[in-house]
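Peer 1: Can you look at this prediction? I've put the sequence above it.
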Amino acid sequence: MICLPLFLALSSSVNAQTETPQHLSDSAREFAQEFYSWYVPIALNESDVNASDFALMKRGSAFSPELLQALREDSAARAKSREIVGLDFDPFLASQDPDDRYEVGKVTVKGESYWIEVYGVRAGKRRERPAVLAELVREDGHLIFVNFHYPDPNGNDLLSILKRLRGDRQRFAR
């Protein structure tokens, strides 16, 4: 009887120690790097299946429900049309011509989100500016991507672009 309360106190102390802000940032960095290490070879491989669609099929749980739904709608619209009605670039790499590999850099905590700089590496040389800023949150104990921000002068992000494209498709359908 005496051991149980002591065990519970020690285990909650260990959990509190592992859930430090630094530990959470490291977890977010590892999650993002693991995704990009898996994804980039798929994006570089010529295939009939769009790399981002493949990621949604195989790793849909890595994305928030809102982002997953918006990407699936865009993919379905692209599949139905011969015109460019959706994304015309890789949304996770911010490129039509991916680099050889991608590596994560600095993690910035913004409220409940982790913004992770993702750099392209070509011919062994890392680009000076990040290609994309992957935004993650922890939901139900798991990390998920909620958006991808593009470091361009307009401050575009994937969800805003997908929303704009959906609106354009709806206007042109009338």
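Peer 2: Right, received. Where do you want to start?

Peer 1: longest helix of this structure?
Peer 2: Using DSSP state H to assign secondary structure, the helix with the most residues in the chain is helix 21-44.

Peer 1: immediately after that helix, which helix or strand?
Peer 2: Next along the chain after helix 21-44, taking DSSP states H and E as the criterion, comes helix 51-59.

Peer 1: what sits up against that following helix?
Peer 2: With contact meaning Cβ atoms under 8 Å, 6 or more residues apart in numbering, helix 51-59 is reached by 35, 38-39, 42-43, 45, 47, 62-63, 68, 71-72, 75, 87, 90-92. From N, CA and C alone the C-beta is placed, and that goes for glycine too.

Peer 1: same deal with stretch 152-169?
Peer 2: Counting by Cβ under 8 Å, 6+ apart, 66-67, 70-71, 73-74, 77, 85-87, 91, 135, 147-150 sit against stretch 152-169.

Peer 1: Please check the residues you listed and keep the buried ones.
Peer 2: The neighbour-count test (16 or more other Cβ atoms under 10 Å) applied to those identifies 67, 70-71, 74, 77, 85-87, 91, 135, 147-150 as buried.

Peer 1: give the contact list for the spatially most central residue of the chain.
Peer 2: For the chain, the residue whose C-alpha lies nearest the mean C-alpha position (Cα atoms, centre = their mean) is Phe145; its distance is 4.2 Å. When contacts are counted by Cβ under 8 Å, 6+ apart, Phe145 is found next to 35, 62-64, 67, 134-136.
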